[in-house]
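Visitor: Just to be clear, the model below is a prediction. Sequence and coordinates:
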Amino acid sequence: MKPATSGRGPESTDLEQFFSPCPRGLEPALAAELNALGAQQVRESHGGVAFCGMRPLAWKTNLQSRIASRVLLQVAKGRYRDDDDLYRLANRVEWERWFGVDHTLRIDINAIRSPLRSLNFATLRFKDGIVDRFRTRTGNRPSIDTNTPDVRVFAFLQDREALLYLDLSGEPLFKRGWRSERDDKGQAPIKENLAAGLLALAGWSPQRALYDPFCGSGTIAIEAAQQALGIAPGLAREFGFEKLFDFDARGWRAIRTQALDTANRLSEQAQATLHATDERSASGRLLIAASDIDPVAIDQTRQNARRAGIPDGIIQTSIRDAARIRSPFEQAGLIVSNPPYGERIGLEEVDGADWSTIGQTLREHFGGWQAWLLTSDPQLPRKLGMRERRRAPLFNGAIECRLFGFEIFAPGEIKPRRGAQSRD
């Protein structure tokens, strides 16, 4: 039963403190995204971004953010010396404001330079503090479910300070709801929020042509198409905050309906340009293409695009050998791709061609384009026979990578004399 006393809901005028983790290396891109969504006091930190706002901002961030992994509400912060301090910190929080004994619970913990010997035991002390509070007040306690919990609590331990967060997302935000089970078998695809981060770092916008010649299951192209069509990444899924006591269904419905109306309007406009017969009407046509040597990958891309709400024809798909690709559009644009690399295939070759052949293809047929390639191989520019103009350190899961940016010059074109820009 919902308690009479609720937490600070959307009617409160107090700003709440949130934290959104993201793939390492994308903190500046996430900070820019949060500022655009209306967040206040945005502060980058290692592995994520802290910000302030009203509760509807957190709902909107869950719905609209392409780069965040989660949205966490800070509920407690305190100094600690031992595990008993963690118990007392958790026990003081008014958890009954957000959930009850009928909810299932999971606790996760991360730490940097914590003096505690066992994080597993620290997790148990946090859990004991939470469930003992319910047992004292109700005579009952929430059950623990580590697989599909109703509520997730995250703890972060620094040297002497502990922070407790209530998760508002549920499943990680990179799970947009459109990927098939087949995508999760075999070679792991790039996560959707990392794909969105690549597009942001490359400086892509819907006004520019985009091509992914190693598209796999189509994640990068689908992220770009959704962005261009105004399709909020969370439209096809549910969120953890919908299960909390202070959830305002009417306010959430208004936010979601506005996002859905925007997506429908932009999708209709994009489809109209596909069928336009005169050049003026077709001037706003989206230029997004994806190819792969594997016919199964192209079939997956097409199916995933449909599930993601992308109308047929918006993404131009084709089966192509990367060593024999040609520019899919008359105008130059951006190549943004996550080609197979060591951890994925363990070979020096990709798609049956060595990197030097692919580099030659890019130089001969993509003059005026930029290429942004994510790889774990620091020698990729040398293998391509190209000099990067920029490189940014990123992590693809646990794999340390670099996003290399290349300016491709037509044969005989004079290259500017300036060194590579680096964020290493």
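Guide: Arrived safely. Numbers count the residues shown, from 1 in each chain.

Visitor: which residues in the stretch 1-150 of the chain form helices?
Guide: 27-37, 55-64, 83-92, 119-138 (DSSP state H, counting those that start in this stretch).

Visitor: So, low pLDDT: which residues of the stretch 201-350 of the chain?
Guide: Low-confidence segments of the stretch 201-350 of the chain (pLDDT under 70): 276-283, 341-350.

Visitor: From C22, how far off is the residue nearest to L86 when sequence neighbours are not counted?
Guide: Leaving aside its chain neighbours, L86 sits nearest to R125 (4.6 Å; criterion: C-beta to C-beta, 6 or more residues apart in numbering). For every residue, glycine as well, the C-beta is placed using N, CA and C. R125 is 28 Å from C22, where distance means C-beta to C-beta, to the nearest Å.

Visitor: Leaving out the residues flanking it, which one is nearest to D84?
Guide: Looking at D84 with C-beta to C-beta, 6+ apart, the closest residue is R125, at 7.2 Å.

Visitor: So the one you found is in contact with R88, correct?
Guide: No. Taking contacts as C-beta atoms under 8 Å, R125 lies outside contact range of R88: 9.2 Å.

Visitor: higher neighbour count, these two?
Guide: More neighbours surround R125 than the other of R125 and R88, with 25 against 12 (other C-beta atoms under 10 Å).

Visitor: Tell me which stretches of the stretch 301-424 of the chain form strands.
Guide: 315-319, 333-337, 349-350, 353-354, 370-375, 390-396, 399-407, 421-422 (DSSP state E, counting those that start in this stretch).

Visitor: Which among the ones you listed is found nearest to L173?
Guide: Across the strands of the stretch 301-424 of the chain, L173 has its closest neighbour in strand 390-396 (16.6 Å, C-beta to C-beta).

Visitor: For the closest one, buried residues please.
Guide: 390-392, 394, 396 (16 or more other C-beta atoms under 10 Å).

Visitor: Can you tell me which of those lies closest to W355?
Guide: Nearest to W355 among those, with distances taken as C-beta to C-beta, is R391, at 16.3 Å.

Visitor: residue furthest from the geometric center of this protein?
Guide: G139 (40.8 Å; C-alpha atoms, centre = their mean).

Visitor: and that residue, how far is that from R97?
Guide: When G139 is compared with R97 (using C-beta to C-beta), they lie 19 Å apart.

Visitor: Next: R141.
Guide: From R141 to R97 the distance is 17 Å (C-beta to C-beta).

Visitor: what's the most buried one of the helices of the stretch 1-150 of the chain?
Guide: helix 55-64 (a mean of 22; mean count of other C-beta atoms under 10 Å).

Visitor: Does anything pack onto that one? Which helices or strands?
Guide: strand 16-21, helix 27-37, helix 249-274 (3 or more C-beta pairs under 8 Å, 6 or more residues apart in numbering; DSSP states H and E).

Visitor: Show the average pLDDT along that helix.
Guide: Computed over helix 55-64, the mean pLDDT rounds to 97.

Visitor: Which helix or strand contains G284?
Guide: Per DSSP states H and E: G284 is located in neither a helix nor a strand.

Visitor: isn't it right up against L266?
Guide: No. Shown here, G284 and L266 do not form a contact pair, counting by C-beta under 8 Å, at 10.5 Å.

Visitor: can you list residues touching both of those two?
Guide: By C-beta atoms under 8 Å, 6 or more residues apart in numbering, G284 and L266 have no common neighbours.
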